[in-house]
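1. predicted structure and sequence below. I'll ask about it afterward.
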Amino acid sequence: MRPDPTITIATDPAVYPPSEDTFLLLRTTEVREGERFLEIGTGTGLVALHAAKSARAVATDANPDAVRLARQNAIANRLPLAVIRCDLLRGLRGPFDVIALNPPYVTDRIGEDWTARAWQGGETGDAVLLRFLRDAAEHLAPGGRIHTVFPSSLDRALESARARFRVRVLAERRMFFEKLIAVELRSPG
């Protein structure tokens, strides 16, 4: 999707703000008219709001402040976006044609503080992504796709993705301390 300058996004110090990885996910996620779209860990709702312009969009986040903010941003932009508080895919009904996730991937113990959890990926940085990959296929529609972003240093996560899905690298972005990879995952069948 292309960034739409007419979509305005309010931010909050308690919510992960749109950053380079957010915009990489936005630019590499394709959503077609009428598709069922799910963004997990929506934060401010930037990616989901862009999808809501053409798709039936749902956004989730575990952070209650993010859920509130994404709802406010949907209202402010007059876009139909259902925002639900949940942990990854827990309690969601699918299937979805497109699932987008910008997971936390910084190597750091996952704590209780919602703001820090937006980037804490566990001791090896891939805890959240590995949990997501384990359950994602059962929420994906036939022919559906997953779009996600993660650093190239997460070899274990990439191998887990390759074991479950067909993986296509869509873009790479070199950052000052890492290389981010945007991928599309599809069911192997």
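-> Thanks, I have the structure now.

2. from residue 39, how far off is residue 157?
-> Distance, residue 157 to residue 39, by CB to CB, to the nearest Å: 19 Å. No exception for glycine: its C-beta is placed from N, CA and C like everyone else's.

3. the more surrounded of the two?
-> Higher neighbour count among residue 157 and residue 39: residue 39, with 31 against 25, using other CB atoms under 10 Å.

4. the more buried one and residue 96 touch, don't they?
-> No. With contacts counted by CB atoms under 8 Å, residue 39 stays clear of residue 96, the gap being 9.7 Å.

5. okay, and the common contacts of these two?
-> Shared contacts of residue 39 and residue 96 (CB atoms under 8 Å, 6 or more residues apart in numbering): residue 58.

6. residues contacting the lengthiest strand in the chain, please?
-> The longest strand of the chain (DSSP state E) is strand 140-151. The contact list for strand 140-151 (CB under 8 Å, 6+ apart) reads 21, 24-25, 28-30, 36, 94-103, 105, 125-126, 129, 132, 136, 157-158, 165, 170, 178-187.

7. need the buried ones from those selected in PyMOL.
-> A single PyMOL command selects the buried members of the contacts of strand 140-151 (16 or more other CB atoms under 10 Å):
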select buried, resi 21+24+25+28+29+36+94+96+97+98+99+100+101+102+103+105+125+126+129+132+136+157+158+165+170+178+180+181+182+183+184+185+187
